[in-house]
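Visitor: one predicted model, sequence on top.
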Number of protein chains: 6
Amino acid sequence: MPSVKPIEYADAPPKVRAVYDDIMATRKIDWINNFWKVLAHDPATLKRTWESVKEVMAPGALDPLVKEMIYVAVSATNNCEYCIASHTASARKAGMSDAMLGELLAVVGMANETNRLANGYRVEIDERFEPKF
Amino acid sequence: MPSVKPIEYADAPPKVRAVYDDIMATRKIDWINNFWKVLAHDPATLKRTWESVKEVMAPGALDPLVKEMIYVAVSATNNCEYCIASHTASARKAGMSDAMLGELLAVVGMANETNRLANGYRVEIDERFEPKF
Amino acid sequence: MPSVKPIEYADAPPKVRAVYDDIMATRKIDWINNFWKVLAHDPATLKRTWESVKEVMAPGALDPLVKEMIYVAVSATNNCEYCIASHTASARKAGMSDAMLGELLAVVGMANETNRLANGYRVEIDERFEPKF
Amino acid sequence: MPSVKPIEYADAPPKVRAVYDDIMATRKIDWINNFWKVLAHDPATLKRTWESVKEVMAPGALDPLVKEMIYVAVSATNNCEYCIASHTASARKAGMSDAMLGELLAVVGMANETNRLANGYRVEIDERFEPKF
Amino acid sequence: MPSVKPIEYADAPPKVRAVYDDIMATRKIDWINNFWKVLAHDPATLKRTWESVKEVMAPGALDPLVKEMIYVAVSATNNCEYCIASHTASARKAGMSDAMLGELLAVVGMANETNRLANGYRVEIDERFEPKF
Amino acid sequence: MPSVKPIEYADAPPKVRAVYDDIMATRKIDWINNFWKVLAHDPATLKRTWESVKEVMAPGALDPLVKEMIYVAVSATNNCEYCIASHTASARKAGMSDAMLGELLAVVGMANETNRLANGYRVEIDERFEPKF
């Protein structure tokens, strides 16, 4: 059960509705997922977080599908179940196949393994990996 | 300082040299980085880890650059400095620009933020995010 | 389902009951929450953990509400759902409003974001941030 | 060594200088710390992150010192050394004494301990901790 | 709900069945747990992961019970509920008593506490702890 | 650089000296490592933490070497460099060989990998893993 009651569109004050409207227009959907309905209790955080997510996830030097897969990679590493579920759904919508999900999680698993081997043995950074500037 | 002394090629037993040779041949390089030199104290782990990394990072449904960026995303989330340094270098070699690094870390930062908002508020997973099967 | 069966007051041996009694007396409540009932399988850990929590969470240089909010911040970062639920309840009892919870989690989210940007870019500590002594 | 070269004020393009100027004006200081100089390679992330930090850390339902201590709590939990150093310095500037730092980290340590006991034993959330709405 | 449908033995292609058969033969059991049934969607990862687990968890310089307890320690620290449940069951099967589980989790809790105290205070490594080579 | 100056024995107040004396007597050593010298700024935390560590790490259902290895496993997972260095040193003193360290970190790496595969795929806990009580 969430810490605060999700706020439905019908019950939302104008400042919250404006964000909900922008989420639905940007994503071309007709519903609001629970994450935003819960953040709506703190309208400043709702607005700031949505605007940041919209800016960060827009196409740029990386395409949206790659960005969604990076989101899943972080969420699986942190074990945020909500975020794994919602961003796996978004990544599938953006074109991720089962084979791509399999390779994505294989890399995530491997990185988590070698991260602990490198930390556990306290491996020193090779001079050649340092950037030159 | 690492927990065990890195093993140089000249001092390595045949089983370790065989792995070193395969690393250099696969990556078309003429040196071995510290991670493998430290793992060499445990030849079974050296061999298993290298073969897993080689298989996981090979081109497949995802291209190698995307895989390297996912590796950086996990390593930044876990704060494995060695892994951040080495995989940022690999990703650059595979074509990552400064702009791509910037967007990659922006997504990593945002995912870590929303992971904690979702966890902290105990947001429930929307029925619509569940897969149908 | 927990790894061991929670031990109810009626079934508890005297050493466990003594801790349960002190928890109820200290917190002025008439029930024991599941965390302690599960720890009761290991009476030494039950006693040591309760005495540590009692000492650490007592008023001192920081007031109890600030301490409860710091507890929620750590628990949200680690995604310990039990701890988020129980310490959010404690913080509310100690006076945390919805607005305070919103700001608390906004700081937690932001800190998790900038933690990964600082780690991911391997930012060096400014000389001015080092303490002088 | 950071992944990208820090950008000094003298070398910064106008969009970056505008953020640097706002940081110095808001904090009433005459220098820019390395975190922002590194983010400056990605001006959109620099601007968005600074504006978010400024909004989140401003006085509100929680006072700025409490916010800085929550920042330290998260950073210590994640082991972001840069963030620990910089926010410990900020918290001291905002009035945190050695005794307050000691209690803060004592709570952080205790929360990390009980988080793992609760997770490790898979303790179930007590009905009484659930909010009523 | 898992991200992909678990694949039962009856529906599994030959490559997957071969791994399932080896898991049951190695562990002397007649069923397959969900972890492998889900990985089966990505047969390369299924095979690689099973062979790695089989090699790593075999008796060697450490006995299998110690290895299972280390697995629980990591899983409790990461809050991987599936892994806590499955490896607690395996450790019990290998001989772990309630008293051993209690001490195991007490160490895990204590290590997580002192990890944050050491990180939070940025304690420097004593010269005497460095290996000599 | 640590956040507070380590307190040497010669400069320590009686309450701190009493703990230092007990550490040296219990461990049969003639020096104090930095962790305790830094905690000494907060004598209540110094005393409580030392007494907890002494109790938790004493021989019991698990032997001290197994406990030290579990400590290393947690510290490698959390990337607490100080803790990795100090507990690797303690484990070696208690009899850990290079081969044991190798197997220990191999398990830690593998557990971190499968933790993320289990989380990332949201694998459901098998009924058979649940305890019966």
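Guide: Ah, there it is.
Visitor: so the lengthiest helix in chain A, near chain C or not?
Guide: Of all segments of type helix in chain A, defined using DSSP state H, the longest is helix A:98-120. No: on the criterion C-beta under 8 Å from any C-beta of the partner chain, helix A:98-120 is out of touch with chain C, staying 11.8 Å away. All C-beta atoms are positioned from the backbone trio N, CA, C, and that covers glycine.
Visitor: quick one: that helix to chain centroid distance?
Guide: 18 Å (C-alpha atoms, centre = their mean, to the nearest Å).
Visitor: quick one, that helix and helix F:98-120 angle?
Guide: On the basis of axes from the mean of the first three to the mean of the last three C-alpha atoms, to 10 degrees, helix A:98-120 is oriented at 150 degrees to helix F:98-120.
Visitor: wait, does helix A:98-120 contact chain B?
Guide: Yes: on the criterion C-beta under 8 Å from any C-beta, helix A:98-120 is in touch with chain B at A:99-100, A:102-104, A:106-108, A:110-120.
Visitor: grab the nearest non-local neighbour of the residue in chain A that chain C sits nearest to.
Guide: Nearest to chain C in chain A, going by C-beta to the nearest C-beta, is residue A:42, at a distance of 3.1 Å. Sequence neighbours aside, residue C:102 is the residue nearest to residue A:42 in space, at 3.1 Å (criterion: C-beta to C-beta, 6 or more residues apart in numbering or on different chains).
Visitor: which residues does that neighbour contact?
Guide: Applying C-beta atoms under 8 Å, 6 or more residues apart in numbering or on different chains to residue C:102 gives the contacts A:41, A:42, A:44, A:45, D:61.
Visitor: who wins on neighbours among the residues you listed?
Guide: residue A:42 (23 neighbours; other C-beta atoms under 10 Å in any protein chain shown).
Visitor: so that residue touches residue C:100, yeah?
Guide: No: judged on C-beta atoms under 8 Å, residue A:42 makes no contact with residue C:100 at a distance of 10.1 Å.
Visitor: where's residue A:106 relative to residue E:39, distance?
Guide: Separation of residue A:106 from residue E:39 (C-beta to C-beta, to the nearest Å): 9 Å.
Visitor: between those two, which contacts overlap?
Guide: E:45, F:117.
Visitor: ok, which residues in chain A are in contact with chain E?
Guide: Applying C-beta under 8 Å from any C-beta, we find that chain A lies next to chain E at A:79, A:84, A:85, A:88, A:98, A:99, A:101, A:102, A:103, A:105, A:106, A:109.
Visitor: just the closest of those residues to residue F:75, please.
Guide: Distances from residue F:75 to these, taken as C-beta to C-beta, are shortest for residue A:79 (19.3 Å).
Visitor: dump the residue contacts of the closest one.
Guide: Going by C-beta under 8 Å, 6+ apart, the list of residues near residue A:79 reads C:79, E:78, E:79, E:80, F:115, F:119.
Visitor: mind listing what the fourth one touches?
Guide: The contact partners of residue E:80, by C-beta under 8 Å, 6+ apart, come to A:79, F:115, F:116, F:118, F:119.
Visitor: quick check, the second one in contact with residue E:76.
Guide: No: shown here, residue F:115 and residue E:76 do not form a contact pair, counting by C-beta under 8 Å, at 10.2 Å.
Visitor: for chain E, what's the nearest residue on chain A?
Guide: Closest point on chain A to chain E, by C-beta to the nearest C-beta, is residue A:102, at 3.1 Å.
Visitor: helices along chain A, start to end?
Guide: Using DSSP H, helices in chain A cover A:14-27, A:34-39, A:43-57, A:64-78, A:81-93, A:98-120.
Visitor: want to throw these into a markdown table with mean pLDDT?
Guide: Below are the helices of chain A laid out as a markdown table (pLDDT from 0 to 100):
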| stretch | mean pLDDT |
| --- | --- |
| helix A:14-27 | 98 |
| helix A:34-39 | 98 |
| helix A:43-57 | 98 |
| helix A:64-78 | 98 |
| helix A:81-93 | 98 |
| helix A:98-120 | 98 |
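Visitor: tell me which of the ones you listed sits nearest to residue E:6.
Guide: It is, among the helices of chain A and with distance given as C-beta to C-beta, helix A:98-120, at 13.4 Å.
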